[in-house]
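*Asks:* sequence first, then the predicted structure:
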Amino acid sequence: MNVVALIAATLVTATPLLYATIGEIITERSGILNLGIEGTMYAGAFGGFIVTANTGSPLLGLLAAVVTGMLAGGLMGLLTVTLGVNQHVAGIGTTLLLIGASEFSNRLLFGGGSLTQTAKFALLFTGVPVLEMYLLTMLGLAVVAPLAWWLLRSTGLGLRLRAVGENPEAADAAGISVERTRYVALVIGGALMAVGGAFLTLAVLGTFTLNITNGRGWVAIALVIFARWRIWPAVASALLFAVVDAAQLQLAITPTFAHVPRELMIALPYLAVIIALAVAGRGLRYPGAYLKPYRRT
Amino acid sequence: MRLLLRGHAPRWLTPALVVAAALGTFILTAGPIRLAGANPGSAYDFYLLRPLSSTYTFLEVLLAATPLLFTGLAVLLAFRAGFYNIGAEGQFIAGAIAAAVVATGLPDLPPPLALPLGLGVGVVAGSLWGLVPALLRVRLGVDEVVTTLLLNPVALLLLQGLLNGPLRNPTTQFPESARIGSGYELAPILTGHRLHWGFVLAVLVALALWLVLSRTGIGLTLRAAGLNPRAAQFSGISVGRTLLGAALSSAGLAGLGGAVQVMGLQRRLTGEVSTGFGYTGIVVATLAALSVPAAIAVATLLADIVVGAEMANRVLQLPPQMGRVVTATLLLSAVSLMLLRRYRVTFPALRRRRARAPSSAGDPS
């Protein structure tokens, strides 16, 4: 097995999960389960692609993805924070809406299928083993993850966010606006999820294909539970999932596994997550206000 | 803006909210429809009225409603018991695969054996696909939302793997199975039309489910376990067993839907056996507020939109994906508005301003 190629593939697979998982941790720590994650990643991938295709600049595409994600987070906020709709339903509905809207726009702009190749982000340190990665991967590992960890642990916003997620009544009594804090969490989280999706179009593929996220959002939801809502374990579990996925790709081209169906190999990481949840997913302590809308009485 | 709990809602409120949700959906989607160069009015004419205006298209609506009925009822049953089964998509595919495997593997069985066998393996395969999440939830307390969701892409991969491998059509080499044995085919209800007896089966299942949920102790047990598990446990209900039973029946219903789709409509297994029916089932159950009669109506409405979206695509060149946008918008606006049945809206900031205005006018300090 080629270890250098394995590491490179791991970093590519891990990046969208890294951003999405951190985004989901931030929203869930504020007490909101965001099942809109799959749709937000999808819309981020599409929004990033469409702006890059028209401007030629992946950086503007990334910015568009951030804005898309913030809007998606705002929509979830309207539904689950202001109105207090059931979070499972609001999330699935948001995912269906965003995927439908992206595919509608794609069809409108490109007819049957688009084969437009756009400008992409370049690899940094090309040819250097281990260090060869995309800027977004490096930013995610070296900037976004530590920043999110520091934000949740040591800042006023992080403290308010966790207070609102654990005990909104107490937070409200202490003068914290539950609504505003949860909106902030959803908007930041949504932006990160959308960047995760945009990584697929702007760095990996350079184009948009249907079903591009392929359940990665659901994987991120599982990784959040596996990591018990903590940032560094989440980074580790995203990398772990990606190693399994990359190993699967590497194994599939070896003679021993050549006769094993490709689809079975692709399904392996999903099954690994379910097994991991079965082993590590018991006796968890969910955020205190998880799934509960807050209303002053 | 703030929502306050209210004691009881006036009787006219629910129908008014249904109308408001429909209007809201129309207003929200009119912009994108216009952007696509179509008139929103005529687009909605296609989505709602045109498919119902001729016998042929009306039967197409019922045909499109059939899988939605199965998945909608499946989700409804699970949600009633407080089991958040988001995996009807995967269970539907599992049922379709099992039916196709049996129906292409033993193609010569006569209908009296073939029909129950094909439908039966669909139910069993669906239940098996739901077994792991159900056991993990009941025995170990692992969140079923995540596990059922994760098994959806796995089912799709299994489907693709089988179609590229063992089930690949031996004569054409296309990634689709051979045609199923003729004994397994659910016959058309009317000659010359695609609507098959699977639709009647779906309606019968709905009736049976309605009877069980509303007229038997099982329905009460289920609802008790869903609404307040601790109180239910205290009153002697085995919540674990109830959840397990509901989860497996729910998954079995979705699997039955998959088998019916193969045996009634597709007559072979293809990669597109489900176009998101499992997820649309969640929309059906939610919009129906978990009521069986309402689920029949909602499944028909959503099927109407699907058929209408295809027609609008042909006539107005409006991409058919708009139908999915309309469905999702309808779901979100309806669940938002239905909150008004339990809450009333107040605007504290406005009221404060209004209360302050006269007093500040009278008292300059």
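*Replies:* Nice, I can see it. Predicted model only: the values in this text are computed from it and were never measured.
*Asks:* could you pull up the residues touching residue B:328?
*Replies:* A:93, A:94, A:96, A:97, A:100, B:283 (C-beta atoms under 8 Å, 6 or more residues apart in numbering or on different chains). The C-beta positions use only the backbone N, C-alpha and C, and glycine is treated the same way.
*Asks:* closest residue of the stretch 151-300 of chain B to chain A?
*Replies:* Sorted by distance to chain A under C-beta to the nearest C-beta, the residues of the stretch 151-300 of chain B start with residue B:161, at 3.2 Å.
*Asks:* so where does that residue fall, helix or strand?
*Replies:* helix B:144-164 (DSSP states H and E).
*Asks:* what about dumping the CA coordinates of that helix to PDB?
*Replies:* Output of helix B:144-164 as PDB, limited to C-alpha atoms (Å, rounded to 0.1, in the frame of the first residue of the first chain):
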ATOM      1  CA  GLU B 144     -31.900   5.900  15.600                       C
ATOM      2  CA  VAL B 145     -31.900   9.100  13.500                       C
ATOM      3  CA  VAL B 146     -28.300   8.800  12.700                       C
ATOM      4  CA  THR B 147     -28.200   5.100  12.100                       C
ATOM      5  CA  THR B 148     -31.300   5.000   9.900                       C
ATOM      6  CA  LEU B 149     -29.900   7.900   7.900                       C
ATOM      7  CA  LEU B 150     -26.500   6.300   7.400                       C
ATOM      8  CA  LEU B 151     -28.000   3.100   6.100                       C
ATOM      9  CA  ASN B 152     -29.700   5.000   3.200                       C
ATOM     10  CA  PRO B 153     -26.500   5.500   1.100                       C
ATOM     11  CA  VAL B 154     -25.500   2.000   2.000                       C
ATOM     12  CA  ALA B 155     -28.700   0.600   0.500                       C
ATOM     13  CA  LEU B 156     -28.100   2.600  -2.600                       C
ATOM     14  CA  LEU B 157     -24.600   1.300  -2.900                       C
ATOM     15  CA  LEU B 158     -25.800  -2.200  -2.400                       C
ATOM     16  CA  LEU B 159     -28.300  -1.700  -5.200                       C
ATOM     17  CA  GLN B 160     -25.700  -0.300  -7.600                       C
ATOM     18  CA  GLY B 161     -23.300  -3.100  -6.700                       C
ATOM     19  CA  LEU B 162     -25.800  -5.800  -7.400                       C
ATOM     20  CA  LEU B 163     -26.800  -4.200 -10.700                       C
ATOM     21  CA  ASN B 164     -23.200  -3.900 -11.800                       C
END
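*Asks:* which residues belonging to stretch B:137-152 are considered buried?
*Replies:* For stretch B:137-152, the neighbour count (16 or more other C-beta atoms under 10 Å in any protein chain shown) marks B:137-138, B:142-152 as buried.
*Asks:* quick one: the strands in the stretch 1-150 of chain A, in order.
*Replies:* A:123-124, A:133-134 (DSSP state E, counting those that start in this stretch).
*Asks:* so what strands line up beside the first one?
*Replies:* When you say that, I think you mean strand A:123-124. strand A:133-134 (antiparallel) (DSSP bridges).
*Asks:* run through who's touching the strand it pairs with.
*Replies:* A:8, A:11, A:12, A:15, A:121, A:122, A:123, A:124, A:125, A:199, A:203.
*Asks:* can you give me the offset of it from its chain's centre?
*Replies:* Per C-alpha atoms, centre = their mean, to the nearest Å, the displacement of strand A:133-134 from the mean C-alpha position of its chain is 18 Å.
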